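J.: structure, please.
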Amino acid sequence: MQPSLRLLQGTQFHQRVNNINQGLSKNDQESVNDLLKHLFPITKEAFENYKYSYGDHGWEKEKRIASKKYFNRYFLYSVPTGEISDLYFEDYINKLKSLDSKELDRETIKLISGVKPQEFLSKIALYNNNLDSQQRKILIELICKFQKNLVDRESAQVTIFLNERSNIAITLSDLLAHESDYNERFNIAKKLIEECDEFEFSYELLRWYRSTKSQFGPFIDDEDFPKLEETLLHRALKESEQIQSNLFQSHSDHIYTLLEIWHRVSPQKVFKYIDKCMKEYNDFQEIIIDELTSEITSISGNTESLKTDFKKESYDALKKYYDIHKINKAFSKRKYKNIRKMEVKFFEPRKGHTLKTAIRQFMHWYDLDQHSNQTEPEKETMTD
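T.: Below is the predicted model of the structure:
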C-alpha cells in the first residue's frame, strides 16, 4: 500500500493527486498537497525540487504513517500477528525497575515467545534513546539470560557479514554505547564476553564492539581493546581445558583469531602450548594441519562445508607460531612415506580435499621454503 519512490517520481502520482483535487478550490488543493507532504514527507520529491536519501529517517521511531513498519497499522483494528504492541512494550519498559527477577523473567518470556527475535530487538532499539542507565543494564542482563531464545535461526539476513547472533550483539553494543561512565561501560563489555552462555556470542560481541560508536567518545579505547581480546582468549583456553581438549579442536572456527591474539600477548606461550600438545597428543601435527585448513560454508542454503586447501598463508601462519621444522620432522615418519610420493593438488572450494592432500600441501610449501632459504645465500654471493 505504501507509495514507492518510482511512482512518486512519475506522472502517475501527479495524475492521482489531480484526481483527488478535482473540483476543489486552489486553497483546498494546496491544503491537500500540504497534508500529503506532512503525512508522507517523501512526496516532496514529486511536489518540489527535493531529494530524499533511502532510509526511514526516524519515521518508525515517531510511529508515523510514512514508516513501512507502521503504515499498515493505521488501517488495522489490532496489532498484526507477530508484532509487539507499543503500549504493551512501553508498559514492559516501565516495569523493568519495579518487578523482581522472577516476575521480570516471566514477563520477558511472555513477550518474546510469540514474536520473531528481531521484533523484540528492534523495539529495544527504538526506545533506546529514552531509557535510563538502570533500564539499559536490566535489558542487557535479560538479553544475555534469554539469548538462546533470541537467536534468529530463520533470518534471511544471514550473510558473510551477519549471522543469526549478529542482531543480539548489535543490540547489546548499542545499549552499552549509551552508558556515559567509561569504566562502567568497559567492565560490562568485558563481563559479557566472560559470561555469555556460548563462546560464539562472546566472539560476535567482540566483533561488533570494534565498529560501535558512542556519543561520549570511543566505545572502547584503543589501549583497552586488547584486554577484551585477551578475555576472549582466556575463555577459549578455559573451555578447552574443561572438556579436556585443545584450542585447535575445541575452537577450530576461530583458531586463527585466537592464535593471533595470543601471539601478540606472548609468542613464547603460543610456542610452548603447541609444543606441549605435540607431546601429549598422538599425531598432533595432523590435527594442526587439518584445523589450519580453512573451511567455507555456502550461504545459499547448502550447509555442506568444504575445505579450501592448506594454502601458503596457512603455512606462513604456522611458521609464525611454531617451529616448522618440528612439524616436518613429525611428517618424516614412515607412515607418511606414501603421502610424500603423491602429486600435489589444490582443490580450492571443490570436493576432493582430504587430510592426506592437506599434509602433502604442507610438505610442498615446506620444500619450497627450504629451497628458497638455500638459494638466497647464493644470490648474495653472486651480487657480491
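J.: count of neighbours near T171?
T.: Per other CB atoms under 10 Å, the neighbour tally for T171 reads 24. C-beta here means a position set from N, CA and C on the backbone, and glycine is covered the same way.
J.: any idea how far it lies from S314?
T.: With distances taken as CB to CB, to the nearest Å, T171 is found 35 Å from S314.
J.: go on, N27?
T.: N27 sits 75 Å away from S314, going by CB to CB.
J.: those two: which has the busier surroundings?
T.: Neighbour comparison, N27 and S314: the larger count goes to S314, with 22 against 7 (by other CB under 10 Å).
J.: that one contacts E291, doesn't it?
T.: No: if you go by CB atoms under 8 Å, S314 and E291 don't touch, sitting 9.9 Å apart.
J.: which residues touch stretch 112-128?
T.: 60-61, 82-84, 89-90, 93, 111, 136, 139, 143, 146, 149-152, 154-155, 167-168, 170-171, 174-175, 178 (CB atoms under 8 Å, 6 or more residues apart in numbering).
J.: from the chain's centroid, how far away is that stretch?
T.: 18 Å (CA atoms, centre = their mean, to the nearest Å).
J.: now that stretch: average pLDDT?
T.: Computed over stretch 112-128, the mean pLDDT rounds to 88.
J.: which of the residues in that stretch are classified as buried?
T.: 112, 117-128 (16 or more other CB atoms under 10 Å).
J.: leaving out chain neighbours, which residue sits closest to L355?
T.: D290 (5.5 Å; CB to CB, 6 or more residues apart in numbering).
J.: isn't the one you found right up against H353?
T.: No: assessed by CB under 8 Å, D290 is found out of contact with H353, at 10.3 Å.
J.: higher neighbour count, the two?
T.: H353 (21 against 17).
J.: ok, the more buried one - contacts?
T.: Contact analysis of H353 by CB under 8 Å, 6+ apart lists 293, 306-309, 347.
J.: ranges for the helices of the stretch 1-150 of the chain?
T.: In the stretch 1-150 of the chain, the helices defined using DSSP state H, counting those that start in this stretch lie at 5-8, 11-21, 26-39, 44-47, 86-95, 101-113, 117-127, 133-145.
J.: what's the answer for the stretch 201-350 of the chain, then?
T.: 225-242, 247-250, 255-265, 267-280, 284-292, 312-321, 324-330, 337-341.
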